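Asker: When you get a sec, could you give me coordinates for this:
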Amino acid sequence: MWTKKAFIIAAFFTMVACANDNGANEDAQREIDRKNTQPIHYETNQEKKERLHVRDQTIGEKGGYPQTHQDKANDANNKNGYTDVFTNEEAQMIAETLQNKREIVQAQVASTDDRIIVGVILQAHAKQKDSVQQIKKEVKKLVPNTDKQIIVYTDDIHWDRMKNLDARLKAKNNGDKIEKYINEFINNNN
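Answerer: Next comes the predicted model:
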């Protein structure tokens, strides 16, 4: 009987020792597996560049777009030294003076032998009513000894106001036209 008890106790200690040894082996194996494996990331090349903060070079960093070789493209080929034949000292002086006016946003002037042509963009709040006449007067002050025709073009704001004014003037006369039409209709039927 004693041998049976000794055998059971020996078997119990063997199992406990084996169980502890297996636990240590399992922990060691897990540590080895963790060191030998790496996580798998599924990402596109663009996602990888974003993650690593890598960006492609811009066109400017690459040296820009290739330019065609154009010799003397902007050289003045007329006697006054300007690239535009209608731009001269007179036109530049008028344009600079007009651009300094508060109600004018942009001014462009061309001068020929018989005309001064002025194109302006006016402020939205500028008084449109007299602006064309004021610009003509200003140009005449700047170039007093000239008999050139002065033509002033304005932007859409002035054009719309003048078109509306013209429409109102035509509508104002509609009553007289209708009365005349009715009178003619009645007289023709008699």
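Asker: Distance-wise, check residue 27 relative to residue 34.
Answerer: Relative to residue 34, residue 27 is positioned 11 Å away (criterion: C-beta to C-beta, to the nearest Å). The C-beta positions use only the backbone N, C-alpha and C, and glycine is treated the same way.
Asker: do the same with residue 58
Answerer: From residue 58 across to residue 34, the span is 43 Å (C-beta to C-beta).
Asker: do the same with residue 114
Answerer: As judged by C-beta to C-beta, residue 114 and residue 34 stand 93 Å apart.
Asker: swap in residue 151?
Answerer: Distance check for residue 151 against residue 34: by C-beta to C-beta, it reads 87 Å.
Asker: So between these two, which is more surrounded?
Answerer: Each of residue 151 and residue 34 had its neighbours counted (other C-beta atoms under 10 Å), and the higher figure belongs to residue 151 (14 against 9).
Asker: what residues are up against the more buried one?
Answerer: 115-118 (C-beta atoms under 8 Å, 6 or more residues apart in numbering).
Asker: Residue 109 falls within a helix, correct?
Answerer: No. Going by DSSP: H, G, I helix; E, B strand; the rest coil, the assignment for residue 109 is strand, not a helix.
Asker: shouldn't it be in contact with residue 120?
Answerer: No. Contact criterion C-beta atoms under 8 Å: residue 109 and residue 120 do not qualify, at 9.2 Å.
Asker: Quick check: neighbours shared by those two?
Answerer: Counting by C-beta under 8 Å, 6+ apart, the residues touching both residue 109 and residue 120 are residue 98.
Asker: What count of nearby residues applies to the nearest residue to residue 115 once chain neighbours are set aside?
Answerer: Excluding the flanking residues, the one nearest residue 115 by C-beta to C-beta, 6 or more residues apart in numbering is residue 149, at 4.8 Å. Around residue 149 sit 10 other residues, with neighbours defined as other C-beta under 10 Å.
Asker: With residue 91 instead?
Answerer: If you count neighbours by other C-beta under 10 Å, residue 91 ends up with 20.
Asker: Shouldn't it be within a helix?
Answerer: Yes. Following the definition three-state DSSP, residue 91 is counted among the residues of a helix.
Asker: List the residues that contact it.
Answerer: With contact taken as C-beta under 8 Å, 6+ apart, residue 91 is in contact with 109-111, 116.
Asker: Redo those as TSV? Include pLDDT.
Answerer: What follows is the contacts of residue 91, written out as TSV (pLDDT from 0 to 100):
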residue	pLDDT
109	92
110	90
111	88
116	91
